[in-house]
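Enquirer: Sequence first, predicted coordinates after that:
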Amino acid sequence: MAPFEFTPEALADLKKTHGDLFILEVKVSADDTAVAYLKPADRNVLAFALQRVAKDQMLEPGEFILANCFVGGDPRLSLPTGRAETPVQLAGALAAVSLVKTLEATVKNA
């Protein structure tokens with residue numbers, strides 16, 4: 001199966017609506033890749049994900065990100081129930097945790 005791709009026009013429309021997008025790819029087999037397009041996580045999604053990551057949970061924040069940031073792509077990566085049930089969804093959820101990024105910041109004495 002060929003990777004799912006939007007037409008350039010459809011991708012441009014998604015970017016107009018959501019801003020920058022992330023592409024999440026899960027290699028299903030040698031000739032099959034599941035592709036999802038994710039919008040950036042908003043404050044609420046990041047807050048939930050950071051709480052779970054702080055508790056050393058990795059699947060739940062990824063599921064939450066994938067469920068809330070998925071804007072299109074291969075339906076095998078969609079999480080309509082909010083829970084990863086298949087190997088493809090589980091791999092996608094674990095990869096989605098990488099969207100929990102913050103800018104590097106430091107605090108120093110003046």
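Expert: Happy to help now that I have it.
Enquirer: Please make it C-alpha for all contacts and neighbour counts, starting now.
Expert: Will do.
Enquirer: And stretch 99-110, end to end?
Expert: Using Cα to Cα, to the nearest Å, one end of stretch 99-110 lies 32 Å from the other.
Enquirer: Repeat that for stretch 48-59.
Expert: 12 Å.
Enquirer: buried residues in that stretch?
Expert: Neighbour counts over stretch 48-59 (16 or more other Cα atoms under 10 Å) mark 49, 50, 52, 53, 58, 59 as buried.
Enquirer: again, but for stretch 86-96
Expert: 88, 89, 90, 91, 92, 93, 94, 95, 96.
Enquirer: Now do that stretch: everything it contacts.
Expert: The contact list for stretch 86-96 (Cα atoms under 8 Å, 6 or more residues apart in numbering) reads 24-26, 28, 34, 58-63, 65-66, 76-79, 84.
Enquirer: Mark which of those are buried, thanks.
Expert: 24-26, 34, 58-63, 65-66, 77-79, 84.
Enquirer: From those, pick the one nearest residue 42.
Expert: Residue 42 has its nearest neighbour among the buried ones among the contacts of stretch 86-96 in residue 65, at 9.6 Å by Cα to Cα.
Enquirer: Check the closest one and give its pLDDT.
Expert: pLDDT for residue 65: 94.
Enquirer: For residue 65, which residues are in contact?
Expert: Neighbours of residue 65 in contact, by Cα under 8 Å, 6+ apart: 41, 45, 46, 49, 93, 96, 97, 99.
Enquirer: Kindly report the same for residue 58.
Expert: 52, 94, 97.
Enquirer: among these, which are in helices?
Expert: For those, the ones inside helices are 52, 94, with DSSP state H as the criterion.
Enquirer: Could you save the contacts of residue 58 as JSON lines and add columns showing distance to residue 70 and pLDDT?
Expert: What follows is those, written out as JSON lines (distance: Cα to Cα, whole Å; pLDDT from 0 to 100):
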{"residue": "52", "distance to residue 70": "19", "pLDDT": "87"}
{"residue": "94", "distance to residue 70": "14", "pLDDT": "93"}
{"residue": "97", "distance to residue 70": "13", "pLDDT": "90"}
